[in-house]
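Trainee: Next come a sequence and a model predicted from it.
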Amino acid sequence: MEEVDIPTYFICPISLQIMKDPVTVATGITYDRESIEQWFLTTNDMSCPVTKQPLPTDNSNDSMTPNHTLRRLIQQWCTINAINGVDRIPTPKFPLNRIYAVKLLKDLGVPHLQQAALKKMEALASENERNRRSMAEVGVGKALILFIVTCFQEGKTNGLLEALRVLHHVWSVDEETKVAVIGNNDFLESLTWVLGLNHDNGHNHMLLLKIEAIFVLKMTIPVVNTAQLDGLKLEFFMNISTLLSEKKISQQAVKSALHVLVEACPWGRNRMKIVESGAIFQLIELELLKPEKHVTELIFNLLANLCCCADGRAQFLKHDGSIAMVSKRILRVSHATDDLGVQILSSISKFSATHGVVLEMLLVGAVSKLCMVMQADCPAYLKKKVRGILRLHSNVWNNSPCIAVYLLTRPSCMPTSNVTP
């Protein structure tokens, strides 16, 4: 395969990639449409990236002229060089215009046209940011919220999967949608209902519905008001806990579910509701699968918060592998995990340290790991916290053969309860 020289005028000045949909702005410079639109969206700089000259404030499709001649040249060049591994550039689809977006929105209100409208919306929303913004401008997000609530009230799931997917797509570009969920308890109840749907209509389809619902819920929870967070029901947390136990759930869905729990945990009685939902057992089981770092940090964040209450610590200790799991992750994942892991062990050793628990911490290696933290390159505040844990039960741990060898080969790290001058 020969090395291919790409003509410089085929390259977008922003992305430095071959342009797929070249458009020319008022200054005469040509960019790839997706790149220049993303530039306007993320920088809020209405000037030409190359010349720095100001551009019309209307950065709509009408203010950018498609360069059809250049696109055809690029496509022809790609076809000729296909033998050298160059992929052909497809002809870009015509951008979604406001008139058609309004038509789709109207069709959503007509029962026999709903399904087709939702499928078309999903296809358009998944294509590009431009279509998503066009849909947001005509109020698709607010209409979908109403549609989802209606499905909940009528107990119907037809079109629900497509509606959740489109709402997920348009959320990031639609500020009005975010405002619409504030104080909208029906919408939160609708998502809770979706998460609790049974599998009578097929396990895979229902699981897809729940995954899309948790994606939308992750975006919803940070913008709702405190009264809505305080009013979350036990059913809400039980449904999320059940979803975490699913074997076929993706890592992205797991992270979304964990983010929801982290956001909701501090409010009202939510900590107790999470404990009552059985989530602690699911969190430990999930961590035993050795997930990616960010998932571990979210799990430890939740466990540290839940172990602040007596019922949380009791549920934590009911799992046979809880203490061993936490001690094993310390010094192996991240500094955040170390901090949270020590916080969990500190809560257990201070408030739930029965004789059996103290011995278990010794036998599963938690005490040895704490000694290792004292020797590791950890922050002073963390070592101070560890020192406090070790002092609490030094009368039990000091003379144990389980850590005697470790202590003999390291500088003294086991503080004593009583120091005589």
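Mentor: Looks like it arrived, so ask away. Numbering: from 1, shown residues only.

Trainee: CA only for contacts and neighbour counts going forward, please
Mentor: Fine.

Trainee: just checking, what packs against the helix or strand encompassing Ser327?
Mentor: If you go by DSSP states H and E, Ser327 is part of helix 322-329. Applying 3 or more CA pairs under 8 Å, 6 or more residues apart in numbering; DSSP states H and E, we find helix 322-329 packed against helix 279-287, helix 335-351, helix 355-363, helix 366-375.

Trainee: now with 10 Å?
Mentor: Packing contacts for helix 322-329, counted by 3 or more CA pairs under 10 Å, 6 or more residues apart in numbering; DSSP states H and E, involve helix 279-287, helix 293-306, helix 310-318, helix 335-351, helix 355-363, helix 366-375.

Trainee: Mind checking those for the one nearest to Ala180?
Mentor: Closest approach to Ala180 among the helices and strands packed on helix 322-329 (CA to CA): helix 293-306, 28.3 Å.

Trainee: So which bits of that closest one are buried?
Mentor: 295-306 (16 or more other CA atoms under 10 Å).

Trainee: what's the answer for stretch 158-172, then?
Mentor: Using 16+ other CA under 10 Å as the test for burial, stretch 158-172 gives 159-171.

Trainee: could the residues you listed be laid out in TSV, adding pLDDT and secondary structure?
Mentor: Listed next are the buried residues of stretch 158-172 as TSV, based on pLDDT from 0 to 100; DSSP: H, G, I helix; E, B strand; the rest coil:
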residue	pLDDT	secondary structure
Gly159	93	coil
Leu160	95	helix
Leu161	95	helix
Glu162	95	helix
Ala163	95	helix
Leu164	96	helix
Arg165	95	helix
Val166	94	helix
Leu167	94	helix
His168	93	helix
His169	91	helix
Val170	89	helix
Trp171	87	helix
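
Trainee: out of those, who's nearest Pro56?
Mentor: Val170 (25.2 Å).

Trainee: Hmm, the closest one is touching Ala143, no?
Mentor: No. Using CA atoms under 10 Å, Val170 is not in contact with Ala143, being 11.8 Å away.

Trainee: what do the two both touch?
Mentor: Common contacts of Val170 and Ala143, defined by CA atoms under 10 Å, 6 or more residues apart in numbering, comprise Thr177.

Trainee: Let's see the distance spanning stretch 105-125 from one end to the other.
Mentor: Distance between the two ends of stretch 105-125: 13 Å, counting by CA to CA, to the nearest Å.

Trainee: Let me see the mean pLDDT of it.
Mentor: Mean per-residue pLDDT for stretch 105-125: 92.

Trainee: how far is that stretch from where the chain is centred?
Mentor: 28 Å (CA atoms, centre = their mean, to the nearest Å).

Trainee: now what about it, what contacts it?
Mentor: 95-96, 99-104, 130-136, 138-141, 143-144, 147, 158-170.

Trainee: Kindly report the same for stretch 381-389.
Mentor: 338-340, 342-343, 345-350, 367, 369-377, 380, 390, 394, 413-417.

Trainee: Swap in 8 Å and give it another go.
Mentor: Contacts with stretch 381-389, where a contact means CA atoms under 8 Å, 6 or more residues apart in numbering, come from 339, 342, 345-346, 349-350, 370, 373-374, 414-415.

Trainee: And for Leu16, the neighbour number?
Mentor: 13 (other CA atoms under 10 Å).

Trainee: Repeat that for Ser250.
Mentor: 12.

Trainee: cool, Arg313 as well?
Mentor: Residues near Arg313, counting by other CA under 10 Å: 22.

Trainee: wait, doesn't it sit right on Ser352?
Mentor: Yes. Using CA atoms under 8 Å, Arg313 makes contact with Ser352 at a distance of 7.1 Å.
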